[in-house]
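Chemist: Sequence plus predicted model, see below.
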Amino acid sequence: MTSLRDAETLEPSWPFTGRDDELELVRRSLAGERHGVVVTGPAGHGKTRLVMEAVRGTDCAKVIGAPETRGIPFAAFAHLLPEQVSLHRAVQLLTGVRTLLVDDAHLLDDFSAALVHQLAAHGRTRLLVVATDGASAPGAVSRLWTGEVLPRLALAPLPLADTAPLIAAGAGGPVETLTARRLHHLCQGDLRLLRDLIGAVRAHGELALDSDELLWRGPVPVTAAIRERTAQALDPARAHAEKRDTLERLAFSEPLPLDLAGLDLDALESLEADGLIRVDALSEVRLAHPLHGPVLRAGAGQLRARRLSRPPADCAAALDTERVELAERIERADVQEPAGPIGDWLTAESTAPHPAVPADYATVRARFARLRGELREALSWAREGLRSTPDDPSCRTELALAVAQLSEVATADEALAGHASPDRATTWLRSAHGDVTAALKPTTTASPGDGEGEAYVLYDAVRLGAPHLVADRLAQLPGEKAEPLARHADALVRQDGPALDRAAELLERRGLLLFAAEAHAQAVPAHRDPRAARRSRSRAMTLARRCQGARTPALSGLVLGELTARQRQIVTLAAAGLTNRQIADRLTLSIRTVGNHLYSAYTRLGENDRTALPWLLEEGRGVTRSA
């Protein structure tokens, strides 16, 4: 959205999301001593939309750079300046402009660029300057941030959680997690490309309604717009036979080992220099952009595609190897690295009604995702396995576990006490694991391939706040998997807040984010130092927000804290998505007063980010006192 016209066109159906901190920073920069900011980032990352939100409702002049007018002096300012004007006179004429938005500043002509620099350095105009990373910009523009004339805000890609509302808006309804993750991965942060992808999928009728969510499986529809977006990168390489052959082999068979006989090393080096391929830590070669594979496959022709495609037996063998590797990582309780790509690729490219992955692989992927705290992804993988084998007991178990952790909420008394009763633990374990009585008997054993394994089954009692039931058993289990689980249990039995935080840090290092969030949450009431309790609550909230809506008994113990009535009123409005300006207008307060109340609330809650507020309001069990 580097074009103002694009931003205005998208506005009715493309919500502004996920940039609250950046929005506040831009607004503060307009009121600060330096009078402006430069916003940079890759094309399509939402730079223009951000600054448009920042100046919404204000009197703001706008200029836009264009490649066609780079040779015309002051072309971008033609609507604001006389036909013939000097630089000095232009600065004088624009002194009365309070706020100026300069979009696509890297495309300004040299005279316009010099004018922007002079306004930033000596003028009274407040400047919002937008430039694209990697583009050749006039020296006067690049010196705005390299010379520290204006502060620079480098815009990072929106994470999946913040991109999800855009995907839902474009698709026309809630989107299944694997579909949303696939779209997010394919666009690589380019929101214009995301819009094109969603439009192509909808136009080809490939969105299907499944469990009240929209689901997409099958090849990427390579439309003219998508070809156009990849042409600048791919076309020069495809003009050389060796590079084209290497790219097409990767498109059908990536990843490929670097030492594979037949790979042209000269072509690989050239493609790597062009940014079209990358070599990972395992010395395997992959295409640099996930959309290049579909485009290359679509243009290969049927005969070439048949020759380059992997035989079905190779795909099955690769998938089974990936399943075994993931099961071993689960057994080691080390899930910090994402899962392998084979299952992702096969599931995405499958066409209904033929599921791409068997139930045994889907079970392991669901378990792996659930242990990483990716609960909605775990739901999707379990359902994927049930499509091929509707009665598969392992997939049904994974589905039940994910559902339980997304919807289970302790009572208010239990939440505030920081624990659940043994009866409640037994009930919850039975809903998740079946025969909990057998699971808690000392004679229970489980192999790595049988359901959860003994350690994880026992550990659920710890997560429910009943560690005394299983702490001794966990301490006696061999292997590295049991160590962080046993340390959590021991610390909770002793109600040792610092030890619970240390156990949480170990769990986080293993990639067990939901377990780490729960351990930090259980540390909150165990701490004697209020500051330590706030730090534990803040860390628990940060991790819990990454767990796709987890609702477990341990997390329900997180409370809002003791806020004044006015603070809670403002926090509630902020959680609903209102900006500080909108809250001030509604409550007839100054923006500064709203900001001060939020700052005080953040301090009490141990938070510094308004994205935590909706979660806090849903899960909190705090008591409000009068102002």
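Modeler: Okay, I see it.
Chemist: Let me know the pLDDT of Arg625.
Modeler: Looking at Arg625, its pLDDT reads 32.
Chemist: Please apply the same query to Glu228.
Modeler: 89.
Chemist: What separation do you get for it and Leu207?
Modeler: 23 Å (C-beta to C-beta, to the nearest Å). Bear in mind the C-beta positions are built from the backbone N, C-alpha and C, glycine included.
Chemist: Between the two, point out the one with more neighbours.
Modeler: Leu207 (20 against 10; other C-beta atoms under 10 Å).
Chemist: From Leu186, how far off is the more buried one?
Modeler: Taken as C-beta to C-beta, the span from Leu207 to Leu186 is 15 Å.
Chemist: With Pro15 instead?
Modeler: 20 Å.
Chemist: So for those two, which residue has more residues nearby?
Modeler: Leu186 (19 against 13).
Chemist: From what I see, that one and Pro290 are in contact.
Modeler: Yes. Leu186 lies in contact with Pro290 (C-beta atoms under 8 Å); the separation is 5.3 Å.
Chemist: any idea which element the closest residue in space to Arg192 that isn't next to it in sequence lies in?
Modeler: Closest residue to Arg192 apart from its sequence neighbours, by C-beta to C-beta, 6 or more residues apart in numbering: Gly44 at 4.1 Å. Following DSSP states H and E, there is no helix or strand that holds Gly44.
Chemist: Just to check, Gly44 is in contact with Leu191?
Modeler: Yes. Counting by C-beta under 8 Å, Leu191 is a contact partner of Gly44 at 5.3 Å.
Chemist: ranges for the strands of the chain?
Modeler: Secondary structure of the chain, counting by DSSP state E: strands at 36-41, 61-64, 99-103, 126-132, 152-154, 207-210, 213-216, 256-257, 277-279, 284-287.
Chemist: got the domain boundaries for the protein?
Modeler: Here the domain assignment for the chain is 4-154, 160-216, 224-308, 312-392, 408-523, 565-619, based on automatic domain parsing.
Chemist: Quick check: which of these is nearest to Ser556?
Modeler: Minimum separation from Ser556 across the domains of the chain (C-beta to C-beta) falls at domain 408-523, 4.3 Å.
Chemist: pLDDT averaged over the closest one - what is it?
Modeler: 71.
Chemist: repeat for stretch 119-127
Modeler: In the prediction, stretch 119-127 has an average pLDDT of 87.
Chemist: Next, the distance between the ends of it.
Modeler: 8 Å (C-alpha to C-alpha, to the nearest Å).
Chemist: contacts for it?
Modeler: With C-beta atoms under 8 Å, 6 or more residues apart in numbering as the test, stretch 119-127 has contacts from 30, 35-37, 91, 94-95, 97-100, 102, 116, 129, 144, 149-150.
Chemist: Out of the residues you listed, which end up buried?
Modeler: Buried members of the contacts of stretch 119-127, scored by 16 or more other C-beta atoms under 10 Å, are 30, 35-37, 91, 94, 97, 99-100, 102, 116, 129, 144, 149-150.
Chemist: who touches Gly18 in this structure?
Modeler: Counting by C-beta under 8 Å, 6+ apart, Gly18 has contacts 158-159, 161-163, 165.
Chemist: Could I get the full set of helices for the stretch 351-500 of the chain?
Modeler: Assignment of helices within the stretch 351-500 of the chain using DSSP state H, counting those that start in this stretch yields the ranges 359-371, 375-388, 393-407, 412-417, 422-433, 436-439, 454-463, 471-476, 482-493, 497-509.
Chemist: Let me know which of those is the nearest to Thr246.
Modeler: helix 359-371 (29.8 Å).
Chemist: neighbouring contacts of that closest one?
Modeler: Contacts for helix 359-371 (C-beta under 8 Å, 6+ apart): 319-320, 322-323, 326-327, 329-330, 333, 335, 339, 343, 357, 375, 377-379, 381-382, 384-386, 388-389, 392, 394-395, 398-399, 401-402, 405, 452, 511-512, 514-515.
Chemist: repeat for stretch 204-213
Modeler: 171-176, 179, 201, 214-218, 221, 352, 383.
Chemist: that older thread, next one: the residue nearest to Arg192 from His88, what distance?
Modeler: 37 Å.
Chemist: Of those two, which one has the most company?
Modeler: Taking other C-beta under 10 Å, Gly44 and His88 do not tie; Gly44 has more neighbours (23 against 9).
Chemist: pLDDT below threshold where in the stretch 251-400 of the chain?
Modeler: For the stretch 251-400 of the chain, applying pLDDT under 70 flags the ranges 261, 312, 350-356.
Chemist: Does Leu256 touch Val285 like I think?
Modeler: Yes. Using C-beta under 8 Å, Leu256 makes contact with Val285 at a distance of 5.0 Å.
Chemist: what about these two, which has more around it?
Modeler: The neighbour comparison of Leu256 against Val285 (other C-beta under 10 Å) goes to Val285, with 21 against 18.
Chemist: Could you give the bridge partners of the more buried one?
Modeler: Leu256, Val279 (DSSP bridges).
Chemist: That one touches Glu269, doesn't it?
Modeler: No. If you go by C-beta under 8 Å, Val285 and Glu269 don't touch, sitting 11.1 Å apart.
Chemist: re earlier: output the strands of the chain in a markdown table, with distance to Pro311 appended to each entry.
Modeler: Listed next are these as a markdown table, based on distance: least, C-beta to C-beta, whole Å:
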| stretch | distance to Pro311 |
| --- | --- |
| strand 36-41 | 42 |
| strand 61-64 | 52 |
| strand 99-103 | 51 |
| strand 126-132 | 43 |
| strand 152-154 | 45 |
| strand 207-210 | 29 |
| strand 213-216 | 26 |
| strand 256-257 | 15 |
| strand 277-279 | 24 |
| strand 284-287 | 19 |
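Chemist: Can you tell me which of those strands is nearest to Arg307?
Modeler: That would be, of the strands of the chain and by C-beta to C-beta, strand 256-257, which comes in at 15.4 Å.
Chemist: quick one: that closest one to chain centroid distance?
Modeler: 28 Å (C-alpha atoms, centre = their mean, to the nearest Å).
Chemist: Please shift the residue numbers so they start at 862 in all later answers.
Modeler: Understood, numbering begins at 862; the last thing we discussed is strand 1117-1118.
Chemist: any weak-confidence spans in the stretch 862-1011 of the chain?
Modeler: 862-874, 894-895.
Chemist: where along it do the helices fall?
Modeler: Using DSSP H, counting those that start in this stretch, helices in the stretch 862-1011 of the chain cover 865-871, 881-892, 908-915, 948-954, 971-983, 1000-1007.
Chemist: Just the buried ones out of the contacts of Gly879, please.
Modeler: Buried, going by 16+ other C-beta under 10 Å: 1019, 1022, 1024, out of the contacts of Gly879.
Chemist: Quick one: those residues as JSON lines, columns for distance to Pro1386 and pLDDT too.
Modeler: Below are those laid out as JSON lines (distance: C-beta to C-beta, whole Å; pLDDT from 0 to 100):
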{"residue": "Leu1019", "distance to Pro1386": "35", "pLDDT": "90"}
{"residue": "Ala1022", "distance to Pro1386": "28", "pLDDT": "84"}
{"residue": "Thr1024", "distance to Pro1386": "35", "pLDDT": "90"}
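Chemist: Go through those residues and name the one nearest Gly995.
Modeler: Of the buried ones among the contacts of Gly879, the one sitting nearest to Gly995 (C-beta to C-beta) turns out to be Leu1019, at 18.6 Å.
Chemist: ok, the closest one to Val1455 distance?
Modeler: 25 Å.
Chemist: longest helix in the chain, by residue count?
Modeler: Counting by DSSP state H, the longest helix found in the chain is helix 1173-1192.
Chemist: now that one and helix 1315-1324, what's the angle there?
Modeler: If you take axes from the mean of the first three to the mean of the last three C-alpha atoms, to 10 degrees, helix 1173-1192 sits at 50 degrees to helix 1315-1324.
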